[in-house]
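Trainee: Give me the fold of what follows.
(chains A, B, C and D)
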2 protein chains.
Amino acid sequence: MPTIYQVAERAGVSLSTVSRVLNGKASVNKVLKERVENAVIELNYRPNSVARSLANSRTDSIGVLVPELNAPFFGDLMQAVESTLRAADKHVIITVGRNCLETEKDAVEFLISRNCDALIMHAEALSDEYLLDINQSKLPVALVNRQIEGLPEACINLDNEKGGYLATRHLLELGHKDIAYLSGPLEKRDACMRLKGHKRALSEAGLPINSQLIFNGDYTEEDGKVGLLELMARDVPFTALVCANDWMASGAISCARDLGMSLPHDLSIVGFDDVVFAHHVFPRLTTVSNPIADMAEMSAKYILNKVYGQSNKVQLCFEPTLVVRESAVKHEG
Amino acid sequence: MPTIYQVAERAGVSLSTVSRVLNGKASVNKVLKERVENAVIELNYRPNSVARSLANSRTDSIGVLVPELNAPFFGDLMQAVESTLRAADKHVIITVGRNCLETEKDAVEFLISRNCDALIMHAEALSDEYLLDINQSKLPVALVNRQIEGLPEACINLDNEKGGYLATRHLLELGHKDIAYLSGPLEKRDACMRLKGHKRALSEAGLPINSQLIFNGDYTEEDGKVGLLELMARDVPFTALVCANDWMASGAISCARDLGMSLPHDLSIVGFDDVVFAHHVFPRLTTVSNPIADMAEMSAKYILNKVYGQSNKVQLCFEPTLVVRESAVKHEG
DNA sequence: TTTATTTGAGAAAGCGCTTTCTAATTGCTT
DNA sequence: AAGCAATTAGAAAGCGCTTTCTCAAATAAA
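Mentor: Here you go, the predicted structure:
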């Protein structure tokens, strides 16, 4: 591996000049510049990024924290982040948080110890204070799907309330009146807002909110099953079901089928997120799209602005839309 | 951020001593060692990984190349690699190859320019020679799902032939005699071997191989549909279908349903890979499990051995197993 | 022509660490 | 007690680059 010294020698200039040509910040005599450029090509010189990082205390790497790597939702997120950042010649270091405080903290420490220039996180367990502290004392942070008081400009969010509203309103428009709801964990803001939207749709339609028709689960497929079973055990009839995410919807669907129900006629179901498998389930899932890829891209752009002086337009709040497929149908009553 | 100098000063020793304590390679007087350790704690000192890398030309980072980030199969791969490597305090830099020669090459160059210590790849488009060259002239390489002549110890593979065999034999055991096959692209070794296994199962059962019952697709969901349509148009009857991966199976399933078939009774279908959505489709997919997570973990361990002097046991060939669900049933004939 | 100003190139310091080399101290041997 | 080897600590060089500082040359102003 040739170093900058060899390039300088071959070009017959000092290494400062080579550096200047490489970084293009200061002006260099045209002739010398050309000599340097030729030397670079002849030697097939590639700057050592580690040395460069040490010298200017910048690693051009962004740490990414996701709860898991093998979930389609976070796959979309990473895909968008990676491509946006790599286009700017930055690289991503990906870590996994597993929805667990210990692991997330660990992952963040790890990223910091790796001298990342910034962090993009889908943090589940870390506290607001911790995140705020990182942002203030260590390095800039972008947060996807999270809202933190002291950090408004760094939080990229979906209008979850609207999403919940859209899902339920769709069912209302199909003539359903008795609509059950499988919620995500209410300590999570998104789950909370989705439920809120659901309730608003109900209220606007002049329908009562029956807590017997709401089940609090944990966003898992398993809880989709458990939730449906529990709701049915309560013996309050319902003809439609809104699920706080597609995993729960998928669980509910297979559970319903195991119960001998014929879908979608016996029960209309709407999901949330429109993850990749939403159209693999049968009946194909009507759901609320979550533009996670767009949001992820935006978080990357925010970081590009904040840390590397770019000036992309930043949008903080994203709108969900309804994706109509076949799992919710008209209520024949 | 405190540096090693401050630690040395506070402990009243030279920075060489601090370095020695930190790395534990040379022996240090017990008293001094303790003083250093205390200073480290008091200052909350964390070694600068960039400086360390520059000094010992090792970044403790491993480059990973996958075709895409938002596919469950590669999610499993990354998950396993990340956790294995991070447990050893290494970090992964993930890049995307998009199944495209240009992009893959680009990604590899990128990883090299980032001074990775090694590469773990699921390379689709790169040539054997290129990979061999990287391994010889730049840095150690581990290859998942690929077999290269000159690099036998670095190739972690599934016994795809056996997988194809298992799938078809299962159908034979269920009484099917007319079995169609949706193949992956035959220039890919795995697709080729899977088909080979299929043919062996047929031969062993004394059945002829009818090329009219084989369709060559591209591993995509779309080609699952196209393939099924094409096979049916050929007018050679079949009661079962083996698909070279779950995506094609999923495409074939929804296509069959759109055609008004009742699954699994009108057509038994077997997939390959057992990706996460395999049990979301309806009927739940009988498929061949691909222990990609185990293979990925093994690739990481190989690198840990090769580059960082660990000595894990390395297994190069992995066995697929049949996962029986509900998409393939007895042939009533 | 002389002086002031700008431009551009080289020298050298510094980023924070590892490691080799040197020197001092300790413990053995005889 | 003198002479030697074995430990162990410190000094210093070096990893490959950026950037400040300095100075020479070129240009503009007087």
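Trainee: pLDDT on the strand or helix carrying residue A:78, on average?
Mentor: Per DSSP states H and E: residue A:78 is located in helix A:72-87. Mean per-residue pLDDT for helix A:72-87: 94.
Trainee: just stretch A:105-120 next, same as before
Mentor: On average, stretch A:105-120 scores 93.
Trainee: same check, this time on stretch A:131-139
Mentor: So the average pLDDT for stretch A:131-139 ends up being 92.
Trainee: Same question for stretch A:30-50.
Mentor: The model assigns stretch A:30-50 a mean pLDDT of 93.
Trainee: Please spell out which residues along that stretch are buried.
Mentor: For stretch A:30-50, the neighbour count (16 or more other C-beta atoms under 10 Å in any protein chain shown) marks A:32-33, A:35-36, A:39-40, A:43, A:45, A:47-50 as buried. (Each C-beta comes from the backbone N, C-alpha and C, glycine too.)
Trainee: Could you do stretch A:198-211 as well?
Mentor: A:198-202, A:207.
Trainee: Show me what the helix holding residue A:78 packs onto, helices and strands only.
Mentor: strand A:61-66, strand A:91-96, helix A:292-308, helix B:72-87, strand B:91-96 (3 or more C-beta pairs under 8 Å, 6 or more residues apart in numbering or on different chains; DSSP states H and E).
Trainee: so how far is that helix off the chain centroid?
Mentor: Taking C-alpha atoms, centre = their mean, to the nearest Å, one finds the center of helix A:72-87 at 9 Å from the center of the full chain.
Trainee: picking up where we left off before, highest mean neighbour count out of the helices and strands packed on helix A:72-87?
Mentor: Ranked by mean neighbour count, the helices and strands packed on helix A:72-87 are led by strand A:61-66 with a mean of 26 (mean count of other C-beta atoms under 10 Å in any protein chain shown).
Trainee: if we can go back for a sec, mind giving me TSV with the helices and strands packed on helix A:72-87 and columns for distance to DNA strand C?
Mentor: Output for these, formatted as TSV (distance: least, C-beta to the nearest atom of the strand, whole Å):
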stretch	distance to DNA strand C
strand A:61-66	16
strand A:91-96	19
helix A:292-308	18
helix B:72-87	19
strand B:91-96	17
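Trainee: pretty sure residue A:180 is in a helix, no?
Mentor: No: under DSSP: H, G, I helix; E, B strand; the rest coil, residue A:180 sits outside any helix and is assigned strand.
Trainee: Just give the number of residues close to it.
Mentor: 26 (other C-beta atoms under 10 Å in any protein chain shown).
Trainee: In this structure it contacts residue A:213, no?
Mentor: Yes: applying C-beta atoms under 8 Å as the test, residue A:180 and residue A:213 come out as touching, 4.3 Å apart.
Trainee: Also near chain B: which of the buried residues of stretch A:30-50, exactly?
Mentor: A:48-50 (C-beta under 8 Å from any C-beta of the partner chain).
Trainee: Show me the residues you listed that map onto strands.
Mentor: Counting by DSSP state E, those place none of their members in strands.
Trainee: ok, those vs residue B:169, which is closest?
Mentor: residue A:49 (51.6 Å; C-beta to C-beta).
Trainee: contacting residues for that closest one?
Mentor: Counting by C-beta atoms under 8 Å, 6 or more residues apart in numbering or on different chains, residue A:49 touches A:59-60, B:113-115.
Trainee: May I see these arranged in CSV, with secondary structure and neighbour count as well?
Mentor: Shown next, in CSV, are the contacts of residue A:49 (DSSP: H, G, I helix; E, B strand; the rest coil; neighbours: other C-beta atoms under 10 Å in any protein chain shown):
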residue, secondary structure, neighbour count
A:59, coil, 22
A:60, coil, 18
B:113, helix, 14
B:114, coil, 18
B:115, coil, 22
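Trainee: So of the residues you listed, which two are at opposite extremes in space?
Mentor: A:59 and B:113, at 12.8 Å, using C-beta to C-beta across those.
Trainee: Identify the residue spatially nearest to the residue in the stretch 151-300 of chain A positioned nearest to DNA strand C, adjacent ones excluded.
Mentor: Relative to DNA strand C, the nearest point of the stretch 151-300 of chain A is residue A:154 (25.8 Å; C-beta to the nearest atom of the strand). Using C-beta to C-beta, 6 or more residues apart in numbering or on different chains and skipping residues adjacent in sequence, the residue nearest residue A:154 is residue A:142, 5.2 Å away.
Trainee: Need the phi and psi values for that neighbour.
Mentor: phi -120, psi 140 (degrees, to the nearest 10).
Trainee: ok, it - contacts?
Mentor: Per C-beta under 8 Å, 6+ apart, neighbours of residue A:142: A:118-121, A:154, A:156, A:299-300, A:302-303, A:306.
Trainee: One more pass at 6 Å, please.
Mentor: A:120, A:154, A:299, A:302-303 (C-beta atoms under 6 Å, 6 or more residues apart in numbering or on different chains).
Trainee: Next: residue A:230.
Mentor: residue A:215.
Trainee: Tell me the pLDDT of it.
Mentor: 97.
Trainee: mind checking which helix or strand it is in?
Mentor: helix A:221-233.
Trainee: List the buried residues for that helix?
Mentor: A:221, A:223-228, A:231-232.
Trainee: For chain B, state which of the residues you listed is nearest.
Mentor: Here the nearest of the buried residues of helix A:221-233 to chain B, counting by C-beta to the nearest C-beta, is residue A:221; it sits at 8.6 Å.
Trainee: Tell me the spacing between residue A:143 and residue A:109.
Mentor: Applying C-beta to C-beta, to the nearest Å, the value for residue A:143 to residue A:109 is 18 Å.
Trainee: Between those two, which is the more surrounded one?
Mentor: Using other C-beta under 10 Å as the criterion, residue A:143 and residue A:109 rank with residue A:143 on top: 24 against 14.
Trainee: Shouldn't that one be within a strand?
Mentor: Yes: judged by three-state DSSP, residue A:143 forms part of a strand.
Trainee: thought it was touching residue A:153?
Mentor: No: using C-beta atoms under 6 Å, residue A:143 is not in contact with residue A:153, being 10.3 Å away.
Trainee: is it true that residue A:178 touches residue A:241?
Mentor: No: Residue A:178 is beyond contact range of residue A:241, at 9.9 Å (criterion: C-beta under 6 Å).
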